[in-house]
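Visitor: just the structure for this:
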Amino acid sequence: MTEAADRELTHLSPAASRLGAVFARPKRLAVICVVALAGLGWLTLAIMIAGHEGPLAPLGPGMGLLDLLPRALTVLCRPEFGVAALHHGGWGATTFALVALMWGAMTLAMMLPSAAPMIFTYAEIADTAARKGEPVVSPFTLAGGYMVVWLAFAAGATIAQLVLARFALLDPGMASASGLFSGAIFVAAGVYQFSALKHSCLQQCQQPFPFFFANWATTPRGVLRLGVKQGLYFVGCCWAMMLVMFAVGVMNVIWMAALGMVMTIEKIGTGKRFTYAVGVVLIVVGVGFVFTAVAAHWPARAI
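Guide: This is a model prediction of the structure:
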């Protein structure tokens with residue numbers, strides 16, 4: 001990726017060339033995504049708390065989200081500000097939209113850096129084709145198809161969060177309220193690291209050139225379809241690890257960054273050892289959660 005970052009895409013449009021340059025440096029992109037996500041996440045929480053009749057009350061007639069921004073900024077400055085206030089109300093349409101926005105931002109922030117090799121590979125191939133005078137489609141179309149898949153995943157995660165909240169499996173900090181539930185998530189994510197489906201999808205993510213070579217398209221619809229297919233491969237590779245956020249806290253930026261870095265390293269092509277090592281770590285952490293939860297409810301022996 002270092003050598004690729006030094007190559008200029010001179011035959012694409014200026015906007016497409018800049019996009020390729022950005023994705024040639026996934027580390028820089030990851031930092032930008034995490035910082036932007038942290039700000040968006042805290043602002044989203046503040047908007048939820050700054051409602052009229054309660055922190056999660058629906059907006060008044062004729063009001064939009066921008067009408068709550070001044071109050072949201074005021075809430076952010078309060079010393080008692082905390083995510084526990086989110087559970088003072090219920091789930092309404094506004095809350096659902098804000099949580100969906102949060103999940104959408106989080107999935108894109110975590111997954112765009114890991115998609116950098118794939119998008120830059122397409123940009124290189126397209127630049128070569130353009131140099132030969134062949135028709136090409138902007139990498140933005142490919143990235144659009146990829147993002148559509150992850151936004152659909154974000155919608156599903158939002159529904160899952162609603163269900164978990166209704167069953168009291170999430171605490172006021174939007175993290176797991178049960179050690180057994182947390183352990184189950186970690187163990188399931190760890191076991192998935194060893195599955196055939198995981199490695200089949202990971203291979204497609206690690207080697208995008210053969211995929212594009214075999215499925216090259218020169219129409220916007222065809223390239224959009226390529227982005228969707230690559231997005232599905234990425235979901236098949238990373239969905240279990242993304243669900244770990246339910247165990248550690250949906251707005252835990254440190255875990256977002258850590259998991260995003262792990263998924264990016266996997267896509268670079270580090271072989272199966274790294275994937276297996278991550279699986280072992282996840283299983284060990286999950287067993288630790290289960291052991292702690294069981295020990296906490298184990299009756300003390302009389303002395």
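
Visitor: in this protein, which spans are helices?
Guide: For the chain, applying DSSP state H gives helices covering 2-5, 14-23, 26-49, 69-76, 93-111, 116-131, 139-166, 179-192, 196-206, 208-215, 220-242, 245-248, 253-269, 272-297.

Visitor: any chance of these in a markdown table, plus mean neighbour count and mean pLDDT?
Guide: The C-beta positions use only the backbone N, C-alpha and C, and glycine is treated the same way. Below are the helices of the chain laid out as a markdown table (neighbours: other CB atoms under 10 Å; pLDDT from 0 to 100):
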| stretch | mean neighbour count | mean pLDDT |
| --- | --- | --- |
| helix 2-5 | 12 | 46 |
| helix 14-23 | 17 | 66 |
| helix 26-49 | 18 | 56 |
| helix 69-76 | 15 | 48 |
| helix 93-111 | 20 | 78 |
| helix 116-131 | 21 | 83 |
| helix 139-166 | 19 | 89 |
| helix 179-192 | 20 | 94 |
| helix 196-206 | 17 | 92 |
| helix 208-215 | 14 | 89 |
| helix 220-242 | 20 | 93 |
| helix 245-248 | 22 | 89 |
| helix 253-269 | 19 | 82 |
| helix 272-297 | 15 | 90 |
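
Visitor: distance of Lys132 relative to Ala184?
Guide: The gap separating Lys132 from Ala184 is 53 Å, by CB to CB, to the nearest Å.

Visitor: can you pull the contacts of Phe194?
Guide: Taking CB atoms under 8 Å, 6 or more residues apart in numbering, we find Phe194 in contact with Tyr276, Gly279.

Visitor: next one: phi and psi at it?
Guide: Main-chain torsions, Phe194, degrees, to the nearest 10: phi -100, psi 0.

Visitor: separation between it and Thr95?
Guide: With CB to CB as the criterion, Phe194 and Thr95 are 37 Å apart.

Visitor: kindly report the same for Tyr122.
Guide: Counting by CB to CB - Tyr122 and Thr95 are separated by 37 Å.

Visitor: same question, Ile265
Guide: Taking CB to CB, one finds Ile265 at 35 Å from Thr95.

Visitor: do the same with Val287
Guide: Taking CB to CB, one finds Val287 at 35 Å from Thr95.

Visitor: cool, and Glu124?
Guide: Taking CB to CB, one finds Glu124 at 43 Å from Thr95.

Visitor: now the residue nearest to Ala188 when sequence neighbours are not counted: how far from Leu224?
Guide: Using CB to CB, 6 or more residues apart in numbering and skipping the chain neighbours, the partner closest in space to Ala188 is Ala240 (6.3 Å). Separation of Ala240 from Leu224 (CB to CB): 27 Å.

Visitor: repeat for Phe153
Guide: From Phe153 over to Leu224 (counting by CB to CB), the distance is 17 Å.

Visitor: go on, Pro210?
Guide: Pro210 is 20 Å from Leu224, by CB to CB.

Visitor: with Gly145 instead?
Guide: 4 Å.

Visitor: settle this for me: the residue nearest to Ala188 is touching Ala189, isn't it.
Guide: Yes. Between Ala240 and Ala189 there is a contact under CB atoms under 8 Å: 4.2 Å.

Visitor: so who does Phe289 touch?
Guide: Gly179, Leu180, Ser182, Gly183, Phe186, Ala247.

Visitor: redo that, cut-off 10 Å
Guide: Residues in contact with Phe289 (CB atoms under 10 Å, 6 or more residues apart in numbering) are Ser176, Ser178, Gly179, Leu180, Phe181, Ser182, Gly183, Ala184, Ile185, Phe186, Val187, Ala247.

Visitor: for it, which non-adjacent residue is closest in space?
Guide: Nearest non-adjacent residue to Phe289 (CB to CB, 6+ apart): Gly183, at 3.5 Å.

Visitor: was I right about that neighbour contacting Val244?
Guide: No. Counting by CB atoms under 10 Å, no contact exists between Gly183 and Val244, whose distance comes to 11.4 Å.
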